[in-house]
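In: Fold the following, please.
(chains A and B)
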Amino acid sequence: MSFGHIEKIGRRVIVLGGGNTAMDCCRTSRRLGGEDVKVIVRSGFDEMKASPWEKEDAIHEDIPILNFLVPKEFTHKDGKLTGVLFEEVAATFDEKGRRKLLPTGAPDQHYECDDVLVAVGQENAFPWIERDLGLEFDEWGMPKVDPVTFQSTRPGVFFGGDAAFGPKNIIWAVAQGHEAAVSIDRFCQGGDLTDRPPPMTNLVSQKMGIHEWSYDNDISNDQRFRVPLREKVEALKDVKIEVELGFDLKQGLAEAQRCLNCDVQTVFAEPLCIECDACVDICPVDCITFTDNGEEEDLRGRLKAPALNLDQALMVSAELKTGRVMVKDEDVCLHCGLCAERCPTGAWDMQRFTLEMSHASDVGGGACQAR
Amino acid sequence: MTYLAKPRLHHPSLVPNELGFTRRDYEGSVSTLCAGCGHDSISAAIIQACYELDLPPHRVAKLSGIGCSSKTPDYFLGASHGFNTVHGRMPSVLTGANLANRELIYLGVSGDGDSASIGFGQFAHAVRRGVNMTYIVENNGVYGLTKGQFSATSDKGSKSKKGVVNHDSAIDLVSVALQLGATFVARSFSGDKAQLVPLIKAALSHKGAAFIDTVSPCVQFNNHSGSTKSYDYVREHNESVNRLDVVSPRDPIHVDYAPGTTVQVTQHDGSVLSLHKLSAHYDPTDRIAAMSYLAQRQAAGEIVTGLLYVDPEANDLHEALETVDTPLNQLADQALIPGSGVLAKLNATLR
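Out: Reported below is the predicted structural model:
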């Protein structure tokens, strides 16, 4: 469509699939002449891979999303597509929590249509790579790739993006491309691929005065603001017209207030702490606890509010004057900086964190080796 | 202080109490005291205690005088009654309020200047009358609002921030309260909430004059070496006589300490004070022994903390005066003006 090969579609369209591609297909169909467009998915509505806002926008354009329907056959008459037959299923979970879609036994449902768009995703396949190159493949036919260097089992051959570890979004592909480039640079220089230049990190205090920070630390309680949309009638007329109008200045500022300033870190300096509890008392989300040190599991349960997200490491200070330690659960921190504002000795400071990933340089590996 | 209001967002695991309030619902406006002030920790302890006791905020009256400590009632229990009195006059206003409406829970918050100097007499009389109240002194040993002069509770020989040595004897409010007949006397430290919160809970459920002296370091003017009210000094010299658990009447009592080390005291309202002894021979129901123990340890340079004395059978001022059960402010004209017939009868008995 975007290359101009296709300009129109039938009046009745069925889109099979529940990802963002399906959302793209159904909304494009509405703009190419599709009047009765449906999305039909195997899974439940809530488990669809599409982003919630994409689903929201599709529904807004009068596209129903029908779930728990598995396509069984395309029906046709006189060599012309007439519709799709679906079997109704329900999700059941086995004892290991794995989902299975089992037929409910209800009569199959038939939906009439003029066109079907299959948006069920794609898989990697490497039948074109000879298997005797010294390049090993795993049981699923995927190349064995080092997750750090992105090198295959054959030196000098690198993989990145979907080809390396299966489909992810483009951000991952770019990041992996950078990492692979570092490897290729090391490889060409004859260096050890696992000896990689570290990324540049830096922390800079945001303190400007007693209660002044160089970032906006006030917390907004607003929910996400809705981006204004163009009138539906207008939006459906032309496939190239922008649907989201974007925020105006006032709305944009209000939305920006919701920023949690994740880059501004709470930095704790043990020698300055007098253990006055001021930070503990002011923290709106009970992040901070002063307690006896212990094993992580035991410590997590003893905090002022239990630290339940096991993926988030605890911040544990060195031993303080009283023999206790300061433990902070970063998981719910709002970065409001009130701990630092209430700290009488400056033991807490709000510091902006910058991370500059290492890049392979085109000038003789200079930049990445210099660091 | 901070210019930001504390965000209303809270931890997702915050549990509501019996009334459906979370701890955050017992907060007040954001503190304007200096960063690191011990008083803010006491405010947090009061918030925690009221939350744990399921106190309806509208049933609490918080009264205070003048000073850093007396500003704090603004920073907790934002939905409770409040009265900020003239300097040192909180005990009288509290006594009057208590007489007019015996149904509220009275929380007096004062400082060492407010209670040990200008309001010393007021403090003494409210305590000796047995007004049903919780009287918390946030004791930092200095006048913080006027840049750190010694207060009446500053220990003799302690040094000011500028290095001046205090030559006056200190008033020990705990000893005074014991002498005056307070029926619940405790001392604690703002930096030890594990001790302070149960003490405040026990005091709030005590019927009679409950007094808590809380050492609360002034970070700005009294947290240096040479001070006897600094975080470091109090931590080094703190001698806790017991650890308290307050068990409300509806909770089952379970004791996890070795037998013989725990004393249980049942209060008027049915709540049980479960005291784990840290000092083997300390008996918190013996007033005379408490006074002499305090004097001994004090001479040894220790700061004795914990529940020092409790009389579970205590009476309050209303019982002494035999006032009616109905709060006086709810008595209608009919009850207050019995009529000329009753007056004539009364007069006849005096003839």
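In: Nearest to chain A within chain B, name that residue for me.
Out: B:Gly36 (2.8 Å; C-beta to the nearest C-beta). For the C-beta atoms, the positions are set from N, CA and C on the backbone; glycine is no exception.
In: So the closest residue to that residue other than its chain neighbours, which state does it fall into?
Out: Excluding its sequence neighbours, the residue lying closest to B:Gly36 (C-beta to C-beta, 6 or more residues apart in numbering or on different chains) is A:Pro344, at 2.8 Å. Secondary structure, DSSP: H, G, I helix; E, B strand; the rest coil: A:Pro344 is coil.
In: Can you report phi and psi for A:Pro344?
Out: With angles defined as degrees, to the nearest 10, A:Pro344 sits at phi -70, psi -20.
In: following the longest helix anywhere in chain B, which helix or strand comes up?
Out: Assignment by DSSP state H gives helix B:38-52 as the longest helix of chain B. Sequence order places strand B:60-64 as the next helix or strand after helix B:38-52, per DSSP states H and E.
In: who touches that next one?
Out: B:50, B:70-73, B:76-77, B:80-85, B:90, B:93-94, B:97, B:104-110, B:114 (C-beta atoms under 8 Å, 6 or more residues apart in numbering or on different chains).
In: re earlier: how close does the residue nearest to B:Gly36 get to B:Gly339?
Out: 64 Å (C-beta to C-beta, to the nearest Å).
In: likewise B:Ala280?
Out: The value you get for B:Ala280 to B:Gly339, if C-beta to C-beta is used, is 63 Å.
In: Could you grab the helix/strand/coil label for the residue in the stretch 101-250 of chain A that chain B sits nearest to?
Out: In the stretch 101-250 of chain A, the residue that lies nearest chain B is A:Ile219 (3.9 Å; C-beta to the nearest C-beta). Three-state assignment for A:Ile219 (three-state DSSP): coil.
In: likewise B:Leu94?
Out: helix.
In: Can you name the element that comes right after whichever strand or helix holds B:Ala335?
Out: Assessed by DSSP H and E, B:Ala335 sits inside helix B:333-336. Where DSSP H and E defines the elements, the next helix or strand beyond helix B:333-336 is helix B:340-350.
In: Which elements pack onto that following helix?
Out: Packing contacts for helix B:340-350, counted by 3 or more C-beta pairs under 8 Å, 6 or more residues apart in numbering or on different chains; DSSP states H and E, involve no helix or strand.
In: picking up where we left off before, who has more neighbours, A:Pro344 and B:Gly339?
Out: Between A:Pro344 and B:Gly339, counted using other C-beta atoms under 10 Å in any protein chain shown, A:Pro344 has the larger neighbour count: 18 against 8.
In: ok, the more buried one touching B:Leu33?
Out: No. Counting by C-beta atoms under 8 Å, A:Pro344 does not reach B:Leu33; the two are 10.5 Å apart.
In: and B:Gly36, what pLDDT?
Out: Predicted confidence (pLDDT) for B:Gly36: 92.
In: Would you check that it makes contact with A:Glu275?
Out: No. If you go by C-beta under 8 Å, B:Gly36 and A:Glu275 don't touch, sitting 10.0 Å apart.
In: Same drill for these two, tell me which one is more crowded.
Out: B:Gly36 (23 against 18).
In: which stretch of helix or strand covers the more buried one?
Out: Using DSSP H and E, no helix or strand contains B:Gly36.
In: show me what contacts it?
Out: Counted by C-beta under 8 Å, 6+ apart, B:Gly36 has contacts A:274, A:276, A:278, A:342-345, B:219.
In: Same check on A:Val148?
Out: A:179, A:194, A:196.
In: what's the answer for B:Phe211, then?
Out: B:127, B:135, B:137, B:173-174, B:177, B:182, B:184-186, B:203.
In: Note down every partner strand of the helix or strand harbouring it and its orientation.
Out: For B:Phe211, the host element (DSSP H and E) is strand B:209-215. Sheet partners assigned to strand B:209-215 using DSSP bridges are listed as strand B:133-139 (parallel), strand B:184-189 (parallel).
In: and those as a markdown table, adding mean pLDDT?
Out: Compiled in a markdown table, the strands paired with strand B:209-215 are given as follows (pLDDT from 0 to 100):
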| stretch | mean pLDDT |
| --- | --- |
| strand B:133-139 | 97 |
| strand B:184-189 | 96 |
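In: can I get those strands in a markdown table with mean neighbour count?
Out: As requested, those are exported to a markdown table (neighbours: other C-beta atoms under 10 Å in any protein chain shown):
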| stretch | mean neighbour count |
| --- | --- |
| strand B:133-139 | 29 |
| strand B:184-189 | 28 |
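In: The residue lying closest to A:Pro228 once chain neighbours are set aside: what's it in contact with?
Out: Nearest residue to A:Pro228 in three dimensions, chain neighbours excluded: A:Leu245, at 4.6 Å (C-beta to C-beta, 6+ apart). By C-beta under 8 Å, 6+ apart, the residues touching A:Leu245 are A:227-230.
In: can you tell me which of those are in helices?
Out: Counting by DSSP H, the contacts of A:Leu245 contribute nothing to helices.
In: got the buried residues for the one helix or strand A:Leu355 maps to?
Out: Applying DSSP H and E as the criterion places A:Leu355 in strand A:348-356. Along strand A:348-356, these residues count as buried under the neighbour rule (16 or more other C-beta atoms under 10 Å in any protein chain shown): A:348-352.
In: Which strands border it, and is each parallel or antiparallel?
Out: strand A:200-205 (antiparallel), strand A:264-268 (antiparallel).
In: what is the mean pLDDT for the last one?
Out: Per-residue confidence for strand A:264-268 averages out to 96 on the pLDDT scale.
In: Pull out the buried residues from stretch B:236-251.
Out: B:238, B:240-247.
In: Inside strands: which ones of those residues?
Out: Among the buried residues of stretch B:236-251, the subset assigned to strands under DSSP state E consists of B:238, B:240, B:242-247.
In: if we can go back for a sec, show me the contacts for the residue of the stretch 101-250 of chain A closest to chain B.
Out: A:284, A:334, A:336, B:4, B:7, B:9.
In: Quick check: the last one touching A:Cys333?
Out: Yep, that's B:Leu9 we're talking about. No. Using C-beta under 8 Å, B:Leu9 makes no contact with A:Cys333, being 10.9 Å away.
In: Quick check: end-to-end length of stretch B:73-87?
Out: 15 Å (C-alpha to C-alpha, to the nearest Å).
In: coming back round to it: nearest to A:Asp115 among the strands paired with strand A:348-356 would be which one?
Out: strand A:264-268 (51.0 Å; C-beta to C-beta).
In: So the most centrally placed residue in chain B versus B:Val215, what's the distance?
Out: With distances taken as C-alpha atoms, centre = their mean, the residue of chain B nearest its centroid is B:Ile136 (2.6 Å). For B:Ile136, the distance to B:Val215 (C-beta to C-beta) stands at 12 Å.
In: How about B:Pro312?
Out: 26 Å.
In: more crowded one of the two?
Out: Neighbour totals were compared for B:Pro312 and B:Val215, and B:Val215 leads with 27 against 17 (other C-beta under 10 Å).
In: Quick check, pLDDT for that one.
Out: B:Val215 is given a pLDDT of 96.
In: beta partners of it?
Out: With DSSP bridges as the rule, B:Val215 is bridged to B:Asn139, B:Phe189.
In: May I have the phi/psi pair for B:Leu180?
Out: phi -80, psi 0.
In: Report whether A:Arg196 is found in a helix, as I expect.
Out: No. Using three-state DSSP, the assignment for A:Arg196 is coil, not a helix.
In: picking that back up, would you reformat the strands paired with strand B:209-215 as CSV and include distance to A:Arg300?
Out: Listed next are the strands paired with strand B:209-215 as CSV, based on distance: least, C-beta to C-beta, whole Å:
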stretch, distance to A:Arg300
strand B:133-139, 33
strand B:184-189, 27
